[in-house]
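In: have a look at this fold, sequence not included:
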């Protein structure tokens with residue numbers, strides 16, 4: 001009788017629309033990106049010589065003066081409506097594998113940034129993976145690899161480093177993430193642990209453990225996020241991003257791309273961006289003859305205080321704490337990761353004092369914006385998954401009925417959350 005009553009209750013909630021949107025009413029919308037203007041690759045230490053090509057001095061000064069905006073704007077022009085969103089994080093990732101960890105009095109926290117991008121098929125995930133592969137440090141792009149082969153490739157690409165540094169690029173996580181051992185390896189590699197551990201036939205009781213520094217670009221569809229192994233282990237170790245195209249987005253993209261048809265190809269910006277990252281790598285690897293590697297960060301007290309107030313005021317984090325018991329510690333640390341990586345990306349317009357990088361209010365602005373967006377999207381992933389079970393939504397028809405009843409109360413599921421929910425439907 002108890003089970004039957006519960007099932008009926010779910011049906012009643014679904015018919016009425018339930019209370020799913022009560023939490024969302026207090027969650028701010030994600031700040032919209034600025035409207036764009038209308039108009040083996042990668043780096044390895046042993047082959048660090050910058051490719052010889054003619055660089056426009058004016059363009060080189062532009063990227064040195066404002067690299068974050070330069071890179072985001074370039075990829076937004078190439079990939080309208082997703083370029084800026086993705087590269088707002090991707091641009092900070094490559095150097096995060098090389099810069100120092102962040103001191104926190106009694107411990108150090110990781111400085112590395114990884115991305116989990118959830119988007120429908122045909123959204124440009126593979127194209128973006130190839131773009132990142134051009135500039136990443138020690139990139140390893142794959143969609144299918146065994147844990148044993150992964151260990152082999154890590155050793156092969158270590159370039160004599162005591163702790164190998166790898167940029168793992170996966171444009172479709174479906175196949176790789178069906179392997180639980182691979183997920184565990186990845187969690188250790190990109191997490192605070194910075195190590196991989198695996199059992200072999202000879203060492204089942206004492207797994208082999210190896211230190212490694214890795215970042216990861218991981219992309220897939222909403223179906224992948226319903227795998228508990230992915231959701232529980234990877235979501236907390238990456239910056240989450242959901243993109244979903246509306247009809248208006250589709251119209252804009254078609255018009256934007258069509259307006260560029262027949263025009264000369266512009267490839268120099270790609271070369272300039274690649275050279276810029278190579279220059280930053282050389283500095284941190286001690287190859288540069290002009291600059292010393294960064295050994296730490298100077299974070300002004302007013303910035304520290306503002307970050308504390310910012311985290312405590314984030315509404316999505318309050319809801320996440322109340323509903324799922326997850327503290328805001330990770331978001332606090334993620335804000336500092338965005339902060340220091342923004343500063344290093346802007347190396348040529350930041351002060352360096354005794355080999356320590358001075359953080360500025362501009363870095364704080366970038367960090368706050370990215371953290372706020374990430375918190376909203378993490379909330380919508382968790383809430384979308386919960387709603388599928390809470391309201392017993394199993395089919396597209398169930399979801400449409402649920403949305404219809406919400407519309408009667410002038411409420412609407414955000415597009416990105418609706419996309420997440422569709423990933424959990426049963427065909």
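Out: On my side now, so go ahead. Every value quoted in this text rests on a predicted model; they were computed, and no experiment measured them.
In: could you use CA atoms for every contact and neighbour count after this?
Out: Fine.
In: per-residue confidence at residue 43?
Out: On pLDDT, residue 43 comes in at 63.
In: do residue 29 as well
Out: Model confidence at residue 29, expressed as pLDDT, equals 54.
In: which residues in this structure form strands?
Out: Ranges of strands within the chain are 102-103, 108-109, 115-118, 139-141, 165-170, 195-198, 208-211, 213-220, 239-242, 296-298, 352-353, 356-358, based on DSSP state E.
In: which stretch among those strands comes nearest residue 412?
Out: Proximity to residue 412 (CA to CA) singles out strand 239-242 among the strands of the chain, at 17.5 Å.
In: any low-confidence regions in the stretch 1-150 of the chain?
Out: The model of the stretch 1-150 of the chain has pLDDT under 70 over residues 1-53.
In: cutoff 80 now
Out: For the stretch 1-150 of the chain, the stretches with pLDDT under 80 are 1-55, 144, 146-147.
In: what about the helices in it?
Out: Secondary structure of the stretch 1-150 of the chain (DSSP state H, counting those that start in this stretch): helices at 2-16, 20-24, 57-65, 67-78, 83-90, 93-96, 125-135, 147-156.
In: who's in contact with the fifth one?
Out: Applying CA atoms under 8 Å, 6 or more residues apart in numbering, the set of residues contacting helix 83-90 from outside is 33, 68, 71-77, 115, 132, 241, 370.
In: one step back: what's the closest of the strands of the chain to residue 418?
Out: Taking CA to CA as the criterion, strand 239-242 is the member of the strands of the chain that comes nearest to residue 418, at 10.9 Å.
In: tell me what that closest one is packed against?
Out: On a contact count with 3 or more CA pairs under 8 Å, 6 or more residues apart in numbering; DSSP states H and E, strand 239-242 meets strand 115-118, helix 361-390.
In: just the ones you listed: most buried one?
Out: Most buried of those by mean neighbour count (mean count of other CA atoms under 10 Å) is strand 115-118; its value is a mean of 23.
In: so what strands line up beside that strand?
Out: Applying DSSP bridges, strand 115-118 is found paired with strand 213-220 (parallel), strand 239-242 (parallel).
In: and the gap between the residue most central in space within the chain and residue 256?
Out: Taking CA atoms, centre = their mean as the criterion, residue 115 is the residue nearest the geometric centre of the chain, at 2.3 Å. Distance, residue 115 to residue 256, using CA to CA, to the nearest Å: 27 Å.
In: again with residue 318
Out: Using CA to CA, residue 318 is found at 39 Å from residue 256.
In: contacts only, for residue 404.
Out: No residues are in contact with residue 404 under the rule CA under 8 Å, 6+ apart.
In: which one of the contacts of helix 83-90 has the most neighbours?
Out: Top of these by neighbour number is residue 132, holding 24 neighbours under the definition other CA atoms under 10 Å.
In: quick one: it from residue 168, how far?
Out: Per CA to CA, residue 132 is found 10 Å from residue 168.
In: which member of the contacts of helix 83-90 is positioned nearest residue 276?
Out: Residue 276 lies nearest to residue 71 out of the contacts of helix 83-90, by CA to CA, at 10.2 Å.
In: okay, that closest one and residue 85: tell me how far apart.
Out: From residue 71 to residue 85 the distance is 11 Å (CA to CA).
In: can you check residue 424 too?
Out: In terms of CA to CA, residue 424 sits 25 Å off from residue 85.
In: now do the same contact list for residue 296.
Out: With CA under 8 Å, 6+ apart, residue 296 has these contacts: 100, 101, 102, 103, 355, 356, 357.
In: just put the contacts of helix 83-90 in a markdown table and tack on distance to residue 340.
Out: Putting these into a markdown table (distance: CA to CA, whole Å) gives the following:
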| residue | distance to residue 340 |
| --- | --- |
| 33 | 22 |
| 68 | 13 |
| 71 | 18 |
| 72 | 18 |
| 73 | 21 |
| 74 | 23 |
| 75 | 22 |
| 76 | 24 |
| 77 | 27 |
| 115 | 17 |
| 132 | 20 |
| 241 | 20 |
| 370 | 13 |
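In: so which of those comes closest to residue 172?
Out: residue 115 (12.9 Å).
In: got a list of what that closest one touches?
Out: By CA under 8 Å, 6+ apart, the contact list for residue 115 reads 89, 90, 216, 217, 218, 219, 238, 239, 240, 241.
In: how does it look with 10 Å?
Out: 86, 89-90, 93, 169, 215-219, 234-235, 237-241 (CA atoms under 10 Å, 6 or more residues apart in numbering).
In: just say which of the helices of the stretch 1-150 of the chain is most tucked in.
Out: helix 93-96 (a mean of 27).
In: quick one, what contacts residue 185?
Out: Residue 185 neighbours (CA under 10 Å, 6+ apart): 147, 150, 151, 191, 194, 195, 196, 197, 198.
In: quick check: the second one touching residue 176?
Out: No - the pair formed by residue 150 and residue 176 falls short of the contact definition of CA atoms under 10 Å, at 11.2 Å.
In: so what sits against both of these two?
Out: Residues touching both residue 150 and residue 176 (CA under 10 Å, 6+ apart): 142, 144, 182.
In: pLDDT score for the nearest residue to residue 308 once chain neighbours are set aside?
Out: In space, and not counting its chain neighbours, residue 308 is closest to residue 332: 7.7 Å by CA to CA, 6 or more residues apart in numbering. With respect to pLDDT, residue 332 scores 96.
In: and the gap between residue 332 and residue 222?
Out: For residue 332, the distance to residue 222 (CA to CA) stands at 26 Å.
In: can you check residue 418 too?
Out: Taking CA to CA as the measure, residue 418 falls 10 Å from residue 222.
In: which one of those two is surrounded by more residues?
Out: Legend: neighbour count by other CA under 10 Å for residue 418 and residue 222, higher for residue 222 (25 against 18).
In: residues contacting that one?
Out: Residues near residue 222 by CA under 10 Å, 6+ apart: 117-121, 242, 381, 385, 416-424.
In: again, only this time at 7 Å
Out: Residues near residue 222 by CA atoms under 7 Å, 6 or more residues apart in numbering: 118, 119, 419, 420, 423.
In: correct me if wrong: the last one contacts residue 120.
Out: No - with contact defined as CA atoms under 7 Å, residue 423 and residue 120 do not form a contacting pair (9.7 Å).
In: low pLDDT regions in the stretch 201-350 of the chain?
Out: Low-confidence segments of the stretch 201-350 of the chain, defined by pLDDT under 80: 201-209, 227-232, 265-269, 325.
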